[in-house]
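> Model the following, please.
(one chain, ligands or ions: 3)
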Amino acid sequence: MKLIFLGPPGAGKGTLAARAVDILGIPHISTGAIFRSAIAAQSPLGLKVKAVIDAGKLVDDETTIELVKERLSRGDLPRGYILDGFPRTIAQAEALETFSAVDRVVNFDLPDSAVLERLGGRRVCRNCGINYHIVFNKPREEKICDACGGEVYARDDDREEAVAKRLEVYRSQTAPLIGFYREKGLLVDVDAQPEANTVVENFKKALGL
Ligand code: ADP
Ligand code: ADP
Ligand code: ZN
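Residues are numbered from 1 along each chain as shown. Ligands and ions are numbered 1, 2, ... in the order given. Now for the predicted structure:
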């Protein structure tokens, strides 16, 4: 199955994707995570995108499309994939259609208040990328990843100024994809507001699993 996870920053896409990988046996491809590892490695891609991402803006379409096209063309995704955080613009969605046909687009439905609460408390493992939350999903030991012992930190783009920018960018550039995919009959809405286990159940029901 080829899935897109579509929703505002902080909606819980990465958190659900980690669970859906086990349920469906397909890999999770997060453009944000790819960019963050490029930044950590100080690769040419990382150096190019760091300032843009920290400011809460979108990386340009050309760079992002090229990255995803390359990733999907390696031939190691025979059973499909979960694309998390791509496409984020109509131009990206149109480009994707030229190299891969998705089966379903999962739209994360939740109010802005929940988004702000989730982004404000989000923490991430610097080493393995697992998500935590200071209230809803704390690591057993403060600031230490349960899974790998890595340092758990607050992302630079989860600072208040960047969050405001990201929500504005989501509304103007990404939310139009909801209508784009609904018209194509690909959209499934998932109530993403309850606690994580319930969201997993809502997701399974929405996909008829
Ligand atoms: P979140 O899920 O919190 O929105 P992501 O980890 O998906 O964050 O993305 C982090 C940042 O990486 C985005 O704010 C943006 O700057 C960049 N990014 C990720 N995916 C894309 C994309 N498809 N197009 C442009 N920029 C992207
Ligand atoms: P996204 O990938 O959409 O940006 P994340 O999966 O990173 O979102 O989740 C954002 C924050 O909200 C993280 O701190 C995560 O632990 C927390 N979170 C995710 N799902 C839920 C949920 N259902 N209820 C409460 N907190 C959640
Ligand atoms: Zn870790």
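
> Residue numbers of the chain in contact with ligand 3?
Contacts of the chain with ligand 3, taken as Cβ under 5 Å from the ion, map to 125, 127-128, 130, 145, 147-148, 150. Using the backbone N, CA and C atoms, a C-beta is placed for each residue, glycine as well.

> Helices of the protein, residue ranges please.
13-24, 31-40, 44-54, 61-72, 90-99, 112-121, 160-169, 176-183, 196-206 (DSSP state H).

> possible to save those helices as JSON lines with mean pLDDT?
Below are the helices of the chain laid out as JSON lines (pLDDT from 0 to 100):
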{"stretch": "helix 13-24", "mean pLDDT": "96"}
{"stretch": "helix 31-40", "mean pLDDT": "94"}
{"stretch": "helix 44-54", "mean pLDDT": "96"}
{"stretch": "helix 61-72", "mean pLDDT": "97"}
{"stretch": "helix 90-99", "mean pLDDT": "98"}
{"stretch": "helix 112-121", "mean pLDDT": "93"}
{"stretch": "helix 160-169", "mean pLDDT": "92"}
{"stretch": "helix 176-183", "mean pLDDT": "98"}
{"stretch": "helix 196-206", "mean pLDDT": "97"}
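
> for those, which one sits closest to ligand 1?
helix 31-40 (1.9 Å; Cβ to the nearest ligand atom).

> Show me which residues of the closest one are buried.
Across helix 31-40, burial judged by 16 or more other Cβ atoms under 10 Å covers 31-36, 38-39.

> Need the residues that contact stretch 124-132.
Contacts to stretch 124-132, defined as Cβ atoms under 8 Å, 6 or more residues apart in numbering, come from residues 14-15, 18, 33, 36-37, 40, 122-123, 137-139, 145-155.

> Now restrict these to buried residues only.
14-15, 18, 33, 36, 122-123, 137, 139, 145, 150, 152, 155.

> From ligand 3, how far out is the residue lying farthest from the centre of the chain?
Distance from the centre of the chain peaks at residue 141, with 25.5 Å (Cα atoms, centre = their mean). As judged by Cβ to the ion, to the nearest Å, residue 141 and ligand 3 stand 12 Å apart.

> Any idea how many residues pack against residue 47?
Using other Cβ atoms under 10 Å, residue 47 has 12 other residues around it.

> now swap in residue 183 and tell me
Residue 183, neighbours per other Cβ under 10 Å, totals 9.

> going forward can the numbers begin at 23, since that is how I track them
Taking 23 as the first residue, the last one we looked at is residue 205.

> got a list of what it touches?
Counting by Cβ under 8 Å, 6+ apart, residue 205 has no contacts.
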